[in-house]
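K.L.:
what's the 3D shape of this:
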Amino acid sequence: MKLSVKGLAQTALLLTICIASQYFKNLSVYITGPIVNTTIIIAVLAVGLWSGILISMIAPVTAFLFTGSVIMAAIPLMFPVVMAGNAILAISVWFFQTKLSFPWKLPAGLALGSVQKAVFMGVVVVLFILPVWGDNIAGKLLKPETFPRVLATAKVTFSVTQLITALIGSALAYVIWIPLNKYIKNGRE
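P.N.:
The predicted model follows:
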């Protein structure tokens, strides 16, 4: 993994876009989520896998710092799960783009990466973390009567919503990547 100044600067720019989008998280996760996923994907395609992984690791931390999250505060184990879900998307896109050779490899990698991210997060969060540590939220950070509603929302947020935002982000990244890739190729010639 070679870290060039140009690659670091490009990663910093994409991370800035990612962080700026997180200010809109309280407005709608369907704005922030796709932008975060788009920046991860563009980072992988334009800079390399390490760039996408780096943004994958930083994004959940900055999102928490800007908007907070009762669930993330009560269950810190959620941070590595979100980081891993983002990294799964990045690795899938990278693998399909660099290791495979067929006409629709990028759309296939985007779609499969989105599904893998959502399935991973859904299984780990919904079937393991929330059942085991979900009680940390009740009583400590929430009124007991609101706990079932928060738990139900978390189950959807960390599964279905992750799939939808990853697919939207993938579509945005694909549309952005087509002209960006041509521009990058023309600049190298």
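K.L.:
which residue packs closest to the residue most central in space within the chain, ignoring adjacent ones?
P.N.:
By C-alpha atoms, centre = their mean, the chain has its centre lying nearest to N86, at 3.9 Å. Closest residue to N86 in three dimensions, ignoring its sequence neighbours and counting by C-beta to C-beta, 6 or more residues apart in numbering: S56, at 3.4 Å. C-beta coordinates here come from the backbone N, C-alpha and C atoms, glycine included.
K.L.:
may I ask which helix or strand encompasses the one you found?
P.N.:
Assigned by DSSP states H and E, S56 belongs to helix 49-67.
K.L.:
for the residue nearest to N37 when sequence neighbours are not counted, grab phi and psi.
P.N.:
The shortest distance from N37 to any non-neighbouring residue, by C-beta to C-beta, 6+ apart, is to G169 (2.6 Å). The phi/psi pair for G169 (degrees, to the nearest 10) reads phi -60, psi -40.
K.L.:
spit out the contact partners of G169.
P.N.:
Shown in contact with G169 (C-beta atoms under 8 Å, 6 or more residues apart in numbering): G33, P34, I35, V36, N37, T38, I40, I41, S114.
K.L.:
rewinding a little: for the helix holding S56, name the packing helices and strands.
P.N.:
helix 5-21, helix 29-46, helix 70-74, helix 78-99 (3 or more C-beta pairs under 8 Å, 6 or more residues apart in numbering; DSSP states H and E).
K.L.:
what pLDDT does the residue nearest to N86 get?
P.N.:
S56 carries a pLDDT score of 98 in this model.
K.L.:
quick one: it and V82, what's the gap?
P.N.:
Between S56 and V82 the distance is 9 Å, computed by C-beta to C-beta, to the nearest Å.
K.L.:
out of the two, which sits in the busier spot?
P.N.:
Per other C-beta atoms under 10 Å, whichever of S56 and V82 has more neighbours is S56, with 27 against 24.
K.L.:
I40 is in contact with that one, correct?
P.N.:
Yes. Using C-beta atoms under 8 Å, S56 is in contact with I40, at 5.6 Å.
K.L.:
residues that sit against both of those two, list them.
P.N.:
Counting by C-beta under 8 Å, 6+ apart, the contacts common to S56 and I40 are N86, L89, A90.
K.L.:
hang on, the earlier thing: check what pLDDT the residue nearest to the centre of the chain gets.
P.N.:
In this model, N86 is scored at 98, pLDDT.
K.L.:
ok, now the one 10 residues further on?
P.N.:
Per-residue pLDDT puts F96 at 97.
K.L.:
and the helix or strand of the chain with the lowest mean pLDDT, what does it pack onto?
P.N.:
The weakest-scoring helix or strand in the chain, judged by mean pLDDT, DSSP states H and E, is helix 70-74 (a mean of 73). Counting contacts by 3+ C-beta pairs under 8 Å, 6+ apart, helix 70-74 is packed against helix 49-67, helix 78-99, helix 147-157.
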